[in-house]
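> Kindly return the folded structure for what I paste below:
(one chain, ligands or ions: 1)
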Amino acid sequence: MNDDKKMQESSESINMTDPATTGATSESGTPKMTARNVNVFYGDKQAINDVSIDVNMDSVTAFIGPSGCGKSTFLRCMNRMNDTIPIARITGDIRLEGDDIYAPQMDVVQLRARVGMVFQKPNPFPKSIYDNIAYGPRIHGLATGKEELDHIVESSLQRAGLWSEVKDRLQDSGTALSGGQQQRLCIARAIAVDPEVILMDEPCSALDPIATAKIEELIHELRGQYAIVIVTHNMQQAARVSQKTAFFHLGTLVEYGETTDIFTNPREEKTRDYITGRYG
Ligand SMILES: Nc1ncnc2c1ncn2[C@@H]1O[C@H](COP(=O)(O)OP(=O)(O)OP(=O)(O)O)[C@@H](O)[C@H]1O
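Next up is the predicted model:
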């Protein structure tokens, strides 16, 4: 029997998307978000196939896998960003602290405040640094007056490691900052509305190595305060920043577990082949 056939048979003999077999549940901590049997379609094409996973507060979770395997699609399901794509359709169940995020009564604006997102390309608003941060708290009514808003702006910038660089020019445009500073501004903007989860879709891919190192350091600092999920193409980055890694392939979740296990002792041959560079 050739290797492909063997792999096919072994994967057919177990339910690959059962959290019990993919390791998609965590022993430690109550999950902040749970996904069960999620399928995503773009028109007739299925991009995510029966994925179940738990995301916890105590760890940074990395989504890795070859281009087109569905990492970003699945990430975008977690705060309903796929709602903005008319041909996208999702089935299954995704919960935040037990609340069904696809329930008709779910307020999507509130959801996206609770589950913030940072994109590949920094996308500050064409507004001042101050207003980039103050915008969310203003529309969500999180500050009762100017003093409280000032405090939120300062603490968000501090937590994003940007305060000392911008405190004397809060009225300058956010778009005038360097790429790395813009990305930290976007992280500060997400933090300002007091999220529970931060989703990061390849947040460093447009940045140079120094700016990348700063974002990675920031992810370390934010760990534990928020559940963080990061999509990355860069396996070294996944190994550096995450405690849990989920490996996707052709829309399925092949394996999910401790990052050290995924990189040193994966259970699945497909994972091993990917992390050793046999395909990608
Ligand atoms: N807006 C869309 N319309 C139609 N198909 C899409 C759309 N976005 C993604 N897809 C398809 O869904 C599949 C998964 O894409 P997705 O971008 O989620 O993968 P990915 O693993 O994040 O890839 P990459 O690492 O290249 O960003 C691919 O086949 C892709 O072509």
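
> just checking, what packs against the one helix or strand Leu111 maps to?
Taking DSSP states H and E as the definition, Leu111 sits inside helix 108-114. Helices and strands touching helix 108-114, as assessed by 3 or more Cβ pairs under 8 Å, 6 or more residues apart in numbering; DSSP states H and E, are absent. C-beta: built from backbone N, CA, C; applies to glycine.

> Quickly run through the sheet partners of whichever helix or strand comes after it, with directions.
Beyond helix 108-114 on the C-terminal side, the first helix or strand identified by DSSP H and E is strand 115-118. Here strand 115-118 has these sheet partners by DSSP bridges: strand 197-201 (parallel).

> Can you classify the closest residue to Ser67 other than its chain neighbours by secondary structure?
If you skip the residues right next to it in sequence, Ser67 has His233 as its closest partner in space, 7.4 Å away by Cβ to Cβ, 6 or more residues apart in numbering. The local conformation at His233, judged by DSSP: H, G, I helix; E, B strand; the rest coil, is coil.

> Could you pull up the residues touching His233?
When contacts are counted by Cβ atoms under 8 Å, 6 or more residues apart in numbering, His233 touches Ile64, Ser67, Glu202, Ser205.

> rewinding a little: buried sites along the helix holding Leu111?
Leu111, Arg112, Ala113, Arg114 (16 or more other Cβ atoms under 10 Å).

> quick one: which of those is nearest the ligand?
Closest to the ligand out of the buried residues of helix 108-114 is Arg112 (18.2 Å), distances taken as Cβ to the nearest ligand atom.

> Off-centre distance for stretch 95-104?
What separates the centre of stretch 95-104 from the centre of its chain is 17 Å, taken as Cα atoms, centre = their mean, to the nearest Å.

> thought Phe83 was touching Met106?
For residue 83 the amino acid is Asp, not Phe. No: if you go by Cβ atoms under 8 Å, Asp83 and Met106 don't touch, sitting 10.7 Å apart.

> In the stretch 101-250 of the chain, what residue spans correspond to helices?
108-114, 129-139, 146-159, 163-166, 179-191, 209-222, 235-241 (DSSP state H, counting those that start in this stretch).

> among these, which is the most enclosed?
Most buried of the helices of the stretch 101-250 of the chain by mean neighbour count (mean count of other Cβ atoms under 10 Å) is helix 179-191; its value is a mean of 24.

> what does that one rub up against?
Applying Cβ under 8 Å, 6+ apart, the external contacts of helix 179-191 come out as 116-119, 122-124, 129, 132-133, 135-136, 156-157, 159-162, 165-166, 174-175, 177, 198, 203-204, 206-208, 210-212, 214-215, 218, 222, 226.

> Same list, those, but only the ones touching the ligand.
Among the contacts of helix 179-191, no residue sits close to the ligand (Cβ under 6 Å from any ligand atom).

> At the contact with the ligand, which residues of this protein appear?
42, 47, 65, 67-73, 85, 87, 233.

> hmm, 8 Å instead?
For the chain, the contact set with the ligand under Cβ under 8 Å from any ligand atom comprises 40, 42-43, 45, 47-48, 63, 65-76, 85, 87-88, 201-202, 231, 233, 248, 251.

> Identify those among these that sit within helices.
Mapping the residues of the chain next to the ligand onto helices (DSSP state H) picks out Lys71, Ser72, Thr73, Phe74, Leu75, Arg76.

> Would you reformat the residues you listed as CSV and include pLDDT and neighbour count?
Converted to CSV, those look like this (pLDDT from 0 to 100; neighbours: other Cβ atoms under 10 Å):
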residue, pLDDT, neighbour count
Lys71, 97, 25
Ser72, 97, 19
Thr73, 97, 24
Phe74, 98, 27
Leu75, 98, 20
Arg76, 97, 21
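
> now, which of those sits nearest Lys270?
Nearest to Lys270, judged by Cβ to Cβ, of those is Lys71 at 15.0 Å.

> give me the low-pLDDT residue ranges for the protein?
1-29 (pLDDT under 70).

> swap the cut-off to 80 and go again
For the chain, residues meeting the criterion pLDDT under 80 lie at 1-30, 279-280.

> Would you enumerate the residues in contact with Thr271?
The neighbours of Thr271, taking Cβ under 8 Å, 6+ apart as the test, are Phe247, Val254, Glu255, Ile262.

> Assumed it was part of a strand.
No: counting by three-state DSSP, Thr271 is not part of a strand but helix.

> Next, the buried residues of stretch 58-75.
59-65, 69-75.

> now do the same end-to-end measure for it.
The first and final residues of stretch 58-75 sit 18 Å from each other (Cα to Cα, to the nearest Å).
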